[in-house]
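Enquirer: Mind folding the following:
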Amino acid sequence: MGKIVLVTGGSRSGKSTFAEKYAAKYGKRVAYIATAQVYDKEMQYRVELHQQRRPSSWKTYECPYEAEKAIQDASKEHDMILFDCITLYITNTLLKDYHEEEIARHYEVVTTAVKRLIASAKASDSTVIFVTNEVGAGIVPGDALSREYRDLAGLANQLVASVADEVYLVTCGLATEIKRNAIIL
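Expert: Residues are numbered from 1 along each chain as shown. Take a look at the predicted model:
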C-alpha cells in the first residue's frame, strides 16, 4: 500500500521546492507528474522554473487529465512520485466541460477525479507526494466560478489530507508537519 504525503501552502510559499527536496531525499527512483497546461508566457516561465529545478534522472509525466493512470504507470518503475499539483488538476478537470449552471455535476466530476488519484496512490507501492494550494484563506471571491473553484479546491484538499500519512503546511519556505498534531474528530 502506497504512502501519501500532502504538501500545501499559499502561492510562492515554497511548497513545490519542499516537495522536490522531500522526493530527492527519500526517493531512489523519482517520477514527476506535471498537471500544468501552458496557455501564456507567464505559465511557460513557471513551468520552466520547475523543469530547471528537477534532476535529469527524474522521469516526467505530463498529465493534465486522467492523472490516476500516470500514477499507476509511474508506480511500476518509481518508488517516489511527485504530483504537482492538485489545484491545477482541478482547474483542468473543472474547465474541460464547464457549464455554469451545472454546479452539482462539477462537484461530482472533481471529487470523483480526486478520489481516483487517491485510489491510485493507495494501490501503488510508491510514496506519492501531492502538492496543492491553500486557496481558502483569503477573501471570498466576487464571481461564481472563482467561489466554486475555491470550494472545490478546499474539498479536494480535505479529501487528500484525510487519507494522507503526512501533511505539511509550507509558509515562507518553512514546512511544518500538521497532521501529526491535528485533532481529528
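Enquirer: least trustworthy helix or strand in the chain by mean pLDDT?
Expert: Taking mean pLDDT, DSSP states H and E as the measure, the chain has helix 41-53 as its least confident helix or strand, at a mean of 85.
Enquirer: Return the distance of that one from the chain's centre.
Expert: Relative to its parent chain, helix 41-53 has a centroid offset of 17 Å by CA atoms, centre = their mean, to the nearest Å.
Enquirer: doesn't residue 182 fall inside a strand?
Expert: No: the assignment for residue 182 by DSSP: H, G, I helix; E, B strand; the rest coil gives coil, which leaves it out of any strand.
Enquirer: To what extent is it buried, counted in neighbours?
Expert: For residue 182, the number of neighbouring residues by other CB atoms under 10 Å comes to 10. (C-beta placed from N, C-alpha, C; glycine too.)
Enquirer: who touches it in this structure?
Expert: Taking CB atoms under 8 Å, 6 or more residues apart in numbering, we find residue 182 in contact with residue 167.
Enquirer: Could you number the chain from 48 rather than 1 from now on?
Expert: Shifting the count to begin at 48 puts that one at residue 229.
Enquirer: Which stretches in the protein count as helices?
Expert: 62-73, 88-100, 114-122, 133-143, 150-170, 191-210 (DSSP state H).
Enquirer: got the contact list for the first one?
Expert: Helix 62-73 is contacted by residues 52, 54-56, 77, 79, 97, 100-102, 105, 127, 129, 131-132, 174, 176, 178-180, 215, 217, 220, 222 when judged by CB under 8 Å, 6+ apart.
Enquirer: And the residues you listed, which of them are buried?
Expert: Burial by neighbour count, judged by 16 or more other CB atoms under 10 Å, picks out 52, 54-56, 77, 79, 97, 101, 105, 127, 129, 131-132, 174, 176, 178-180, 215, 217, 222 from the contacts of helix 62-73.
Enquirer: distance from the centroid: which residue in this protein tops it?
Expert: In the chain, the greatest distance from the average C-alpha position (CA atoms, centre = their mean) is reached by residue 148, at 26.5 Å.
Enquirer: Would you mind listing the residues in contact with it?
Expert: The contact partners of residue 148, by CB under 8 Å, 6+ apart, come to none.
Enquirer: gap between it and residue 195?
Expert: Residue 148 sits 11 Å away from residue 195, going by CB to CB, to the nearest Å.
Enquirer: now swap in residue 208 and tell me
Expert: Separation of residue 208 from residue 195 (CB to CB) stands at 20 Å.
Enquirer: Then residue 145?
Expert: Residue 145 sits 10 Å away from residue 195 when distances are taken as CB to CB.
Enquirer: Good, wrapping up.
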